[in-house]
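Colleague: Structure, please.
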Amino acid sequence: MNTFDTLKEIIVDKFEMDPATITPEATFETLEIDSLDTFDIIFSAEEKFGIKVPNEQVEIKTVQDVVNLIDRLRIEQGKA
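Modeller: Numbering: from 1, shown residues only. Model prediction:
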């Protein structure tokens, strides 16, 4: 399962959303996911992928932004 599919599964499970609404281009705003929920998604992704997301400010607006962040951190942290 690739990063997008895994992230999509996390979002569907947490928010009981229709999987068809979750696309790489979907913004968290259009999905009605607020910033606290976004942090919850990232925390779940940390556990799922065995990575640590730094506390620095990261620009996250779309699902693809999170996928890109996870993929970059997996490579940097040797978890790819």
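Colleague: how about T21, phi and psi?
Modeller: When read as degrees, to the nearest 10, the backbone of T21 gives phi -80, psi -10.
Colleague: contacting residues around the nearest residue to it once chain neighbours are set aside?
Modeller: Spatially, and ignoring its direct neighbours in sequence, T21 is nearest to L31 (6.7 Å; C-beta to C-beta, 6 or more residues apart in numbering). Every C-beta, even on glycine, is put in place using the N, C-alpha and C of the backbone. By C-beta atoms under 8 Å, 6 or more residues apart in numbering, the contact set of L31 is I11, F15, M17, T21, I22, V63.
Colleague: Ok, P19 next?
Modeller: Neighbour list for P19: K8, V12 [criterion: C-beta under 8 Å, 6+ apart].
Colleague: Distance of it relative to D34?
Modeller: Going from P19 to D34 by C-beta to C-beta, to the nearest Å gives 20 Å.
Colleague: what about this protein, any weak spots by pLDDT?
Modeller: Low-confidence segments of the chain (pLDDT under 70): 57.
Colleague: can you give me the helices in it?
Modeller: Assigned helices in the chain, in chain order: 3-15, 35-49, 63-76 (criterion: DSSP state H).
Colleague: do you know which of these lies nearest E56?
Modeller: Closest to E56 of the helices of the chain, according to C-beta to C-beta: helix 63-76, at 10.9 Å.
Colleague: And for A45, the neighbour number?
Modeller: A45 sits with 21 neighbouring residues when counted by other C-beta atoms under 10 Å.
Colleague: before we move on, what about V12?
Modeller: Neighbour tally, V12, other C-beta under 10 Å: 14.
Colleague: Quick check, it in contact with I33.
Modeller: No. Contact criterion C-beta atoms under 8 Å: V12 and I33 do not qualify, at 11.9 Å.
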